[in-house]
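Asker: build me a structure from this.
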Amino acid sequence: AEWLEARAEFNSEVVINVEPNDGDARETQITVKYAGAKDATFVVKQKAGNVDFDEQFAAKRFEGQYFGKSGSTYNYFVIISDKGYNAGAPKAGGTYYFFDIYSKTAGDEDYPMLPDGTYTFDASNTKADGTISDEGSWYQALNAAGDNEAVWSYKSATVTVKDGELEAIIEFNNGDIHCVTYEGDLTVVLDYTTLTE
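Answerer: Residues are numbered from 1 along each chain as shown. Below is the predicted model:
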């Protein structure tokens, strides 16, 4: 592909340089061949550049619940918002993104943290490693009186977690696309606090 350059160091490593993307999302397949060894094929994906999101939401709160083992994976229910939960309910005027995430990585029973990784929306609800279940994932916005202004289902979503940072790109059934970010403690615990920051 024109947007990447690969070079191999003899008996050492393969280095791939990827150009910045200012267009649509793109991907290509790379096959590494070495005499006497089995070919290794993998896919390189790059997010779209300069995307105009309908909403860019910098969350102030991260919380949720760790449900432990569910089949062969572990279940992390994540709530990202601007106001947090109050006695197990969303607060008036709040904006909430809910993610029902499954990982092969177990959480600590006392201090469960959402594991690093990339999680993608799964409308089939397989609960496989690296998925976001449709059953427990949605967007909710409340007005000042505490009534729902919007409750939307996800059409697609990707959540990327790395080193205490979370980014979610969500497309809704109505066509809107939101970019949600959070940086801080990724412990999946509902503490029902009234503090907002």
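
Asker: ok, longest strand in this protein?
Answerer: Secondary structure of the chain per DSSP state E: the longest strand is strand 131-142.

Asker: that strand packs against which elements?
Answerer: strand 95-103, strand 117-122, strand 148-152, strand 154-162 (3 or more CB pairs under 8 Å, 6 or more residues apart in numbering; DSSP states H and E). (Each C-beta comes from the backbone N, C-alpha and C, glycine too.)

Asker: how many other residues sit next to Gln140?
Answerer: 17 (other CB atoms under 10 Å).

Asker: partner strands of the least confident helix or strand in the chain by mean pLDDT, with direction?
Answerer: Lowest on mean pLDDT, DSSP states H and E among the helices and strands of the chain sits strand 85-86, with a mean of 79. Sheet pairing for strand 85-86, assigned by DSSP bridges, gives strand 89-90 (antiparallel).

Asker: how far does the strand it pairs with sit from the chain's center?
Answerer: 22 Å (CA atoms, centre = their mean, to the nearest Å).

Asker: and if you look at stretch 154-173?
Answerer: Put simply, stretch 154-173 sits 3 Å off its chain's centre (CA atoms, centre = their mean).

Asker: same check on stretch 126-134?
Answerer: That offset, for stretch 126-134, works out to 11 Å (CA atoms, centre = their mean).

Asker: got the buried residues for it?
Answerer: For stretch 126-134, burial by neighbour count (16 or more other CB atoms under 10 Å) applies to Lys127, Ala128, Gly130, Thr131, Ile132, Ser133, Asp134.

Asker: now those residues as JSON lines including distance to Thr118 and pLDDT?
Answerer: Listed next are the buried residues of stretch 126-134 as JSON lines, based on distance: CB to CB, whole Å; pLDDT from 0 to 100:
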{"residue": "Lys127", "distance to Thr118": "16", "pLDDT": "96"}
{"residue": "Ala128", "distance to Thr118": "13", "pLDDT": "96"}
{"residue": "Gly130", "distance to Thr118": "7", "pLDDT": "97"}
{"residue": "Thr131", "distance to Thr118": "10", "pLDDT": "98"}
{"residue": "Ile132", "distance to Thr118": "10", "pLDDT": "98"}
{"residue": "Ser133", "distance to Thr118": "15", "pLDDT": "97"}
{"residue": "Asp134", "distance to Thr118": "17", "pLDDT": "96"}
